[in-house]
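[1] fold the following, please.
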Amino acid sequence: MTDKPKPIRDAFPIGPVLYERRRQLELSQEDVAKRCGLHRTYISDVERGARSISLGTLKQLSNALEMDVWQLMLAAEQQTEDKKEATAKPAQNVMREADHEIDHRLTKGLPDA
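    Numbers count the residues shown, from 1 in each chain. Below you'll find the model as predicted:
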C-alpha cells in the first residue's frame, strides 16, 4: 500500500491567486494545463476552489506560473486576511451603532426596542 500525498484543503484558498497570476502572465487555462501536464478543466476546478490539490500539483502549478510555492501560499494567506478585515469592519460598525443606540436609550430612559 502506497501513501498518497495529502491534499491541501481550503485553509488558504489558492484558486483566486492562481487565477490572478495566470491573468498577469496572459496565459489561458489551456496554456497552464499544458505546462503542468494537467487537463484544462482541472485548472478551472482548482481556480474556482472546486478541487483540493496535493503539494505535488501545487508545485507543478507554481512552476507553470513562474512562482515559488511559498509565494503562492503567501499571496493566498494575504487574500484570506484581506477578506477577514473586509468582513470584520462592517460587523464592527454594526456593533458600534448598537452600542450607541443602547447608550442613547439608557440616557433618555427609553424602553428597550
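
[2] now stretch 61-77: buried residues?
    Residues 61-62, 64-65, 67, 72-73, 75-76 are the ones in stretch 61-77 that count as buried (16 or more other Cβ atoms under 10 Å). Just so you know, the C-beta spots here come from the backbone N, C-alpha and C atoms, and that holds for glycine as well.

[3] contact partners of that stretch?
    When contacts are defined by Cβ atoms under 8 Å, 6 or more residues apart in numbering, stretch 61-77 is touched by residues 12-14, 16-18, 20-22, 25, 27, 32, 35-36, 43, 46, 53, 55, 58-59.

[4] all helices for this protein, in order.
    Along the chain, the segments classed as helices by DSSP state H run 15-24, 29-36, 40-48, 55-64, 69-108.

[5] now the first one - C-alpha only, CSV.
    Taking C-alpha atoms only, helix 15-24 is exported to CSV below (Å, rounded to 0.1, in the frame of the first residue of the first chain):
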residue,chain,number,x,y,z
GLY,A,15,-7.6,29.3,-6.6
PRO,A,16,-8.0,33.1,-6.8
VAL,A,17,-4.2,33.5,-6.5
LEU,A,18,-3.7,31.1,-9.4
TYR,A,19,-6.3,32.8,-11.5
GLU,A,20,-4.8,36.3,-10.9
ARG,A,21,-1.2,35.1,-11.6
ARG,A,22,-2.4,33.3,-14.8
ARG,A,23,-4.0,36.5,-16.0
GLN,A,24,-0.9,38.5,-15.2
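
[6] which stretches of this structure have low pLDDT?
    When the per-residue scores of the chain are filtered using pLDDT under 70, the ranges that remain are 1-12, 82-94, 98, 100, 104-105, 110-113.

[7] for it, which residue occupies the most central location?
    If you average the C-alpha coordinates of the chain and look for the closest C-alpha using Cα atoms, centre = their mean, you land on Pro13, 3.4 Å from that point.

[8] wait, what's in contact with that residue?
    Shown here is Pro13, whose contacts under the criterion Cβ under 8 Å, 6+ apart are 49, 76, 79-80.

[9] buried members of those into ChimeraX, please.
    The buried subset of the contacts of Pro13, as determined by 16+ other Cβ under 10 Å, is captured in ChimeraX by this line:
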select :76,79
